[in-house]
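Chemist: any chance you could fold what I've pasted below:
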Amino acid sequence: MKRMALIELYAPGIVLFDPVVLASFIKSKAIINSNIFEAFLSDEVVGRQAVEQGVVCPIYQISEAEYSVFALPQNEVDLPEPEFTYSGFPLAVVSGLLIVADLNSLFDWDADFFLNYMTRYGGRLSNNDFIDVDPGLYDLTIKGYLGLSEPFAKSGYGIEFAPVTTLPDVADSAAVSDVNFELVAR
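Modeler: This is a model prediction of the structure:
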């Protein structure tokens, strides 16, 4: 089971998604524009539903750099104390494949590429990777780390996947700007 993704950001943020869940959501909302991010911004209700229904989990605004994104616990590696911990992020996984990608994946959505990700993995750019995650509903906790050592990039995000029967509620007043995912040396 692949438990770590390594990506280089070309856009200032990371999104986590199951490509089957995201493609189904896009189809159900009749979104035809390949700029899914813009569609989510222009129709705030749809954008909010994407997060509340566990379709996408956003980690942004963050600097363009190389990051590791990994499932916790990482028993075989000593991790430093996290710089921050945020909980309560909903995520739905049906395919067993969790894509970790920069925002370009939403700026120029390529359903064919992501729905056939494993067969196209060898031709991917460095701004996307994957983690194997059992199908289910999850309440995510995201921890930010600096000073990571091999096999990780120096900065990264550890994800705790807590299985749930119902996705966690996202407060009506919650906004991406409520959390600071930026990892900067202190």
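Chemist: so residue 180: helix, strand or coil?
Modeler: coil (DSSP: H, G, I helix; E, B strand; the rest coil).
Chemist: number of residues surrounding it?
Modeler: 13 (other CB atoms under 10 Å). Where you see a C-beta, it was placed from the backbone N, CA and C, and this is true even at glycine.
Chemist: verify the stated contact: it with residue 83.
Modeler: No: the pair residue 180 and residue 83 does not pass the contact test of CB atoms under 8 Å, sitting 9.7 Å apart.
Chemist: residue 166 versus residue 22, what's the distance?
Modeler: Remark: distance between residue 22 and residue 166 (CB to CB, to the nearest Å) = 20 Å.
Chemist: for residue 98, grab phi and psi.
Modeler: Dihedral pair for residue 98: phi -110, psi 110, per degrees, to the nearest 10.
Chemist: which residues touch it?
Modeler: 16-18, 91, 130-133 (CB atoms under 8 Å, 6 or more residues apart in numbering).
Chemist: of the residues you listed, which count as buried by neighbour count?
Modeler: 16-18, 91, 130-131, 133 (16 or more other CB atoms under 10 Å).
Chemist: about what we covered before: residue 22 and residue 166: who's more crowded?
Modeler: Each of residue 22 and residue 166 has its neighbours counted (other CB under 10 Å); residue 22 has more, 23 against 8.
Chemist: can you verify that one is assigned to a strand?
Modeler: No: read with three-state DSSP, residue 22 is helix and lies in no strand.
Chemist: so what's it closest to, chain neighbours aside?
Modeler: The spatially closest residue to residue 22, leaving aside those adjacent along the chain, is residue 55, at 5.6 Å (CB to CB, 6 or more residues apart in numbering).
Chemist: next, the one you found: secondary structure please.
Modeler: Residue 55 ends up coil, using three-state DSSP.
Chemist: list the contacts for it?
Modeler: 17, 21-22, 25, 49, 92.
Chemist: distance-wise, check residue 135 relative to residue 94.
Modeler: Taken as CB to CB, the span from residue 135 to residue 94 is 5 Å.
Chemist: which of the contacts of residue 98 sits closest to residue 37?
Modeler: Residue 37 lies nearest to residue 17 out of these, by CB to CB, at 12.1 Å.
Chemist: quick one on the thing from earlier: out of the buried ones among the contacts of residue 98, who's nearest residue 156?
Modeler: Checking these against residue 156 with CB to CB, the nearest one is residue 131 at 12.1 Å.
Chemist: part of a strand, is that closest one?
Modeler: Yes: assessed with three-state DSSP, residue 131 lies in a strand.
Chemist: is it true that it touches residue 71?
Modeler: Yes: with contact defined as CB under 8 Å, residue 131 counts as touching residue 71 (5.8 Å).
Chemist: quickly find the element holding residue 74.
Modeler: Under the criterion DSSP states H and E, no helix or strand holds residue 74.
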